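S.K.: got a structure for you, letters missing:
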Ligand SMILES: [Zn+2]
């Protein structure tokens, strides 16, 4: 169990969180996951058991409690450094 964040050394507290769990091209949001969350930067830490269980739930296509629509947006690189044509 951690008491400090690996990244910012902030205080880490136990919390139930929603996780955007992604594998391959699929995405599931898993609610109510026990995690340790950094109060400073929001980094989430999961125990290996919890992580494994999320994987199982996601891959088993556990009956969803709800469905949300997710937009996929493509990042477009800003045109910087190019000469203006005007
Ligand atoms: Zn942190």
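M.R.: Nice, I can see it. No experiment lies behind these values; they were computed from the predicted model shown.
S.K.: which SS state does residue 55 fall under?
M.R.: helix (DSSP: H, G, I helix; E, B strand; the rest coil).
S.K.: does residue 63 sit in a helix, a strand or a coil?
M.R.: Under three-state DSSP, residue 63 comes out as coil.
S.K.: same deal with residue 12?
M.R.: strand.
S.K.: correct me, but it touches residue 37?
M.R.: Yes: between residue 12 and residue 37 there is a contact under CB atoms under 8 Å: 6.7 Å. (C-beta placed from N, C-alpha, C; glycine too.)
S.K.: so the residue nearest the centre of the chain bridges to which residues?
M.R.: Relative to the mean C-alpha position of the chain, the nearest C-alpha, by CA atoms, centre = their mean, is the one of residue 20, at 4.4 Å. Assessed by DSSP bridges, residue 20 has beta-bridge partners residue 29.
S.K.: which neighbours do residue 12 and residue 37 share?
M.R.: Common contact partners of residue 12 and residue 37 (CB atoms under 8 Å, 6 or more residues apart in numbering): residue 45.
S.K.: before we move on, the earlier item: against residue 77, how distant is the residue nearest to the centre of the chain?
M.R.: 24 Å (CB to CB, to the nearest Å).
S.K.: so where's the chain shaky on pLDDT?
M.R.: Where the chain drops to pLDDT under 70, the residues are 1-2, 82-86.
S.K.: need the residues of it near the ion, please.
M.R.: 5, 7, 8, 10, 38, 40, 41, 43 (CB under 5 Å from the ion).
S.K.: in strands, which of the residues you listed appear?
M.R.: With DSSP state E as the criterion, strands contain residue 38 from among those.
S.K.: export the residues of the chain next to the ion to a markdown table and append columns for distance to residue 69 and neighbour count.
M.R.: Shown next, in a markdown table, are these (distance: CB to CB, whole Å; neighbours: other CB atoms under 10 Å):
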| residue | distance to residue 69 | neighbour count |
| --- | --- | --- |
| 5 | 32 | 19 |
| 7 | 32 | 10 |
| 8 | 33 | 13 |
| 10 | 33 | 16 |
| 38 | 29 | 20 |
| 40 | 32 | 14 |
| 41 | 28 | 12 |
| 43 | 27 | 16 |
